[in-house]
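K.L.:
build me a model from this:
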Amino acid sequence: MIDILEDTPLYRYISFETFTDIVLSKSLSFVHPLKAWEDTYEGYIYRALQNDTGIEKMSEIISELNTEQTVKEDFPQIVLEMSRNRFWCICWSQEKDSVPLWSIYSYYNKAVMIKTVASDLLHKLNRQVSLCPVKYYDVLNLKAEIEKLFEFKHHPKDTLPFKPIDALLSKRKAFEHEKEIRCFYDASLLETEYEKLPIAIPVSIKCHISELIHDVQVHPLAPDWYANTVKMFCDSYGIKFSGKSKLYDLVFD
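P.N.:
Modelled structure (predicted):
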């Protein structure tokens, strides 16, 4: 599944250590959203299911919205519970040379930006994945999230149109600068007991590194020795290296 153009360039800002791990292991690490994402509003509706207050509030909202009794009262919670452990994710950005992203992922100006395109993320991994853009909202609240996910209008019982992955695509506008694209692996496609996967351990998915990574750059203010180290590593594995980002290069037109 893809909700963006296949030739869309995508970027991931990472440490050199993470980059070497990707290349040497020939794999990408997909993390469990509720375990790895620091923003407590990520997967907002799933997080509500983790405590009694959230469950109680969700039940009240569903009762309020389900005026025509088109579904059983506990149906939305059941399908959300069934989906909570299905999806594993690796995040990318449509933003090249993003000052905030360089800053967030660098340590003393040492960071790596790898480039790919949407079609290669879909076809160069040995698992079926989906690409979905994040949607940004001024505020997130349970009622709005439930209304977006479930359409309580004239549907037979237990047949709500619902894509559980959509519950992982809402983010606050404070993060809009990320222009994030999420690459999801649906563990239910291959794992017969996916709900038992340990969420603290990322799922590694093998990929064709030389075909997946189109280009590598380092932080625009990276030390020369750091840029040279990354270059030597890329050269050793036949990966294109374009040097330092030119974000701060002064040009007089």
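K.L.:
and the helices in the stretch 51-200 of the chain, which stretches?
P.N.:
All helices of the stretch 51-200 of the chain, identified by DSSP state H, counting those that start in this stretch, fall at 52-65, 75-83, 99-105, 118-123, 142-149.
K.L.:
out of the ones you listed, which gets the lowest mean score?
P.N.:
Looking over those, mean pLDDT reaches its minimum on helix 75-83, with a mean of 65.
K.L.:
can I get the helices of the stretch 51-200 of the chain in CSV including distance to residue 25 and mean neighbour count?
P.N.:
Just so you know, the C-beta spots here come from the backbone N, C-alpha and C atoms, and that holds for glycine as well. CSV is the format used below for these (distance: least, C-beta to C-beta, whole Å; neighbours: other C-beta atoms under 10 Å):
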stretch, distance to residue 25, mean neighbour count
helix 52-65, 37, 14
helix 75-83, 28, 17
helix 99-105, 19, 15
helix 118-123, 17, 18
helix 142-149, 35, 17
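K.L.:
show me the strands in the stretch 101-250 of the chain, by range?
P.N.:
112-117, 129-133, 135-137, 170-172, 180-186, 203-206, 215-218, 241-244 (DSSP state E, counting those that start in this stretch).
K.L.:
how far is the last one from where the chain is centred?
P.N.:
How far strand 241-244 lies from its chain's middle: 25 Å, per C-alpha atoms, centre = their mean, to the nearest Å.
K.L.:
oh, and call the first residue 147 from now on, that's how I've got it
P.N.:
With 147 as the first residue, the last one maps to strand 387-390.
K.L.:
dump it to CSV, restricted to CA.
P.N.:
Presented in CSV, the C-alpha positions along strand 387-390 are these (Å, rounded to 0.1, in the frame of the first residue of the first chain):
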residue,chain,number,x,y,z
PHE,A,387,28.6,9.6,-0.9
SER,A,388,28.0,13.2,-1.7
GLY,A,389,30.0,14.7,1.2
LYS,A,390,28.7,17.4,3.5
